[in-house]
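Novice: Okay, here's the prediction I keep looking at, along with the sequence it came from:
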Amino acid sequence: MISGQALQNFGRNVSFRPRTMYQPKSEAEVLSILDSHRGSRIRVIGRLHSYSEAACCEDVLLDVRHLNTVRTEQRDGRVWATIGAGCQVKHALVELERQAGVTLPAVGLITEQSIAGAISTGTHGSGRHSLSHYIAEVRVATYDTESGEPVIRTINAGSELKAARCSLGCLGVIVSVGLWVRPQYCVEEHFRRYEALADVVAAEEMFPLQQFFLIPWRWDFWVQHRREAATSGNWQAMIYQAYFFAVMEVGLHLIVLVLSKLFRSRWATHTFFRRLLPLTVIRHWKVVGKSQDMLVMEHELFRHVEIEVFVKRSKLDNALRVVKELVSYFDGDIKTLSSVTAARMEQLGLLDPTDVATYTHCYPICVRRILPDDTLISMASSDDEDSYSISFNCYAGPSNLRGFNRFSEVLTRTVASLFEARPHWGKICPMDASTVKSVYLHLTEFRRVSTEFDPDARFRNDWVSRLLFVEPSKEA
């Protein structure tokens, strides 16, 4: 037990001080902690890689990093994996391959998160469902609704499973997840530049795993075309990965740090993206490598904060148009806003001329496609249409985030109003209960399941309660 320790997330934009923190080493210890803290409010953390207030806790906090086992077994000719809640995704990938030559069915850009944290906030990759969608079993430590005793419940069907797949910790303490995994595979990749979004989206038919970047101040598209490859990895992949690490993962980020922390010059930022960045990208170089080597990036090397919004395929073109308008508006171009965007911002109380020239965006805007999730409140939950995530990274220091935070609020609320966009639960998430209710059609069912598991709201924090469980008319 640790008392009164101050904690910060990876981005250092969120800090909190729980009254008591535990690091249980077994499921029995989890149940013992719940038994000792009946009536307390209890939250769980993994690796604190979220930029929202999802992890905040002022009472009892469980750090589940020691619940990190990975077990595989054969079931009916397929491989089933049971993974401890605190196991980091990167460790799970290594163990799955070592034990059975398999891998996760979806791999996100970042593998630092715990598996429970990843599914609880809807972490995703590109071209497949989010990881939450594939979870077939969730084991949760909670209180029995009849006896009040701490128990572990296994969730594997119905609305309960759909809720548990992405729950923001509202059902209890996840101790393990189970899912069907797939054989390890290879991915072919190459870069290509496009002028038109329609051409980028059309290429998904041939390259279903692709992700692409809208380059600020050039406003063209750079695409990482990706697809599964029948051949195994080649020697060129090692050279390509070394190039990508040195130039993109390290070199680009060092330049961005200089632009965002030291230089802070609009002209320098515009010139770099318009003239210099294209010189670093090798186009049409096709390489084949192991899936997790090709699909993962090393964003954790440099501290930053992020926002990410999700829109349906049919609204992507217009959403990116508004993104361009708002990025330019905050950079100082007051004439860039269309009449429709300006009118909606004024209606929302967001049209403030003092925002102009307060934030210059200096990182490629990443866009990824996510297939519809069979969940209740993951950002890609849908009955029919694919979603696209649009993400923005900022490398300014914690004391210089005022401009980015304001940009995040204006962008999120504007695209939510215009296009029913959903902010990522694990990124900076400037939403209110009214917006949540309007964009999540299954919110009522999620509330029902959560209340069934946790009728006394012991596993919610103030942020979760405010967004998911307060009717808009009752907000203070």
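Specialist: Looks like it arrived, so ask away. Numbers count the residues shown, from 1 in each chain.
Novice: Pull the contacting residues for V367.
Specialist: With contacts defined as CB atoms under 8 Å, 6 or more residues apart in numbering, V367 is in contact with 211-214, 316, 320, 388-391. Quick note: C-beta positions are derived from backbone N, CA and C, even for glycine.
Novice: mind listing what the closest residue to G39 other than its chain neighbours touches?
Specialist: For G39, the nearest residue in space outside its immediate sequence neighbours is R458; the separation is 7.5 Å by CB to CB, 6 or more residues apart in numbering. Shown here is R458, whose contacts under the criterion CB under 8 Å, 6+ apart are 39-42, 143.
Novice: Stretch 440-460: which residues count as buried?
Specialist: Neighbour counts using 16 or more other CB atoms under 10 Å place 440, 442-443, 446-447, 449-450, 453-454, 458-460 of stretch 440-460 among the buried residues.
Novice: Just give me the closest of those residues to Q113.
Specialist: Looking at the buried residues of stretch 440-460 and their distance to Q113, the nearest is F459, at 19.2 Å (CB to CB).
Novice: what pLDDT does the closest residue to E298 other than its chain neighbours get?
Specialist: Counting by CB to CB, 6+ apart, the nearest residue to E298 once its immediate chain neighbours are dropped is E249, at 4.6 Å. According to the model's per-residue confidence, E249 sits at a pLDDT of 93.
Novice: in stretch 265-280, what counts as buried?
Specialist: By neighbour count with 16+ other CB under 10 Å, stretch 265-280 contains the buried residues 269-270, 272-273, 277.
Novice: Would you mind measuring the gap between the ends of it?
Specialist: The separation between the terminal residues of stretch 265-280, taken as CA to CA, to the nearest Å, is 21 Å.
Novice: Over to stretch 139-156?
Specialist: When the termini of stretch 139-156 are compared using CA to CA, they are 9 Å apart.
Novice: What of stretch 82-97?
Specialist: With CA to CA as the measure, the ends of stretch 82-97 fall 14 Å from one another.
Novice: now that stretch: how far from the chain's centre is it?
Specialist: For stretch 82-97, the distance from its own C-alpha centre to the chain's C-alpha centre is 18 Å (CA atoms, centre = their mean, to the nearest Å).
Novice: So for it, mean pLDDT?
Specialist: For stretch 82-97, the mean per-residue pLDDT is 97.
Novice: Likewise for stretch 406-419?
Specialist: For stretch 406-419, the mean per-residue pLDDT is 97.
Novice: just stretch 1-11 next, same as before
Specialist: In this model, stretch 1-11 has an average pLDDT of 86.
Novice: buried residues in that stretch?
Specialist: Within stretch 1-11, the residues scored as buried using 16+ other CB under 10 Å are 7, 9-11.
Novice: my read: A203 touches Q210, true?
Specialist: Yes - with the criterion set as CB atoms under 8 Å, A203 and Q210 qualify as a contacting pair; they are 6.5 Å apart.
Novice: what's the overlap in contacts for the two?
Specialist: Shared contacts of A203 and Q210 (CB under 8 Å, 6+ apart): 223, 225.
Novice: more neighbours, these two?
Specialist: Neighbours around A203 and Q210, counted as other CB atoms under 10 Å, are more numerous at Q210. The numbers are 23 against 16.
Novice: Kindly provide the distance from that one to R227.
Specialist: The spacing between Q210 and R227, counted by CB to CB, to the nearest Å, is 8 Å.
Novice: N156 now?
Specialist: 32 Å.
Novice: Extract the C-alpha set from the top helix by length along the chain and format it as PDB.
Specialist: Scanning the chain for the helix with the most residues, using DSSP state H, yields helix 402-419. Written as PDB, here are the backbone C-alpha positions of helix 402-419 (Å, rounded to 0.1, in the frame of the first residue of the first chain):
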ATOM      1  CA  ARG A 402      -2.900  26.800 -23.600                       C
ATOM      2  CA  GLY A 403      -3.100  27.300 -27.300                       C
ATOM      3  CA  PHE A 404      -3.300  23.600 -28.100                       C
ATOM      4  CA  ASN A 405      -5.900  23.000 -25.400                       C
ATOM      5  CA  ARG A 406      -8.100  25.800 -26.800                       C
ATOM      6  CA  PHE A 407      -7.600  24.500 -30.300                       C
ATOM      7  CA  SER A 408      -8.600  21.000 -29.100                       C
ATOM      8  CA  GLU A 409     -11.800  22.400 -27.500                       C
ATOM      9  CA  VAL A 410     -12.900  24.400 -30.500                       C
ATOM     10  CA  LEU A 411     -12.000  21.600 -33.000                       C
ATOM     11  CA  THR A 412     -13.700  18.800 -31.000                       C
ATOM     12  CA  ARG A 413     -16.900  20.700 -30.300                       C
ATOM     13  CA  THR A 414     -17.200  22.000 -33.800                       C
ATOM     14  CA  VAL A 415     -16.700  18.700 -35.600                       C
ATOM     15  CA  ALA A 416     -18.900  17.000 -33.100                       C
ATOM     16  CA  SER A 417     -21.700  19.400 -33.800                       C
ATOM     17  CA  LEU A 418     -21.200  19.400 -37.600                       C
ATOM     18  CA  PHE A 419     -20.400  15.700 -38.200                       C
END
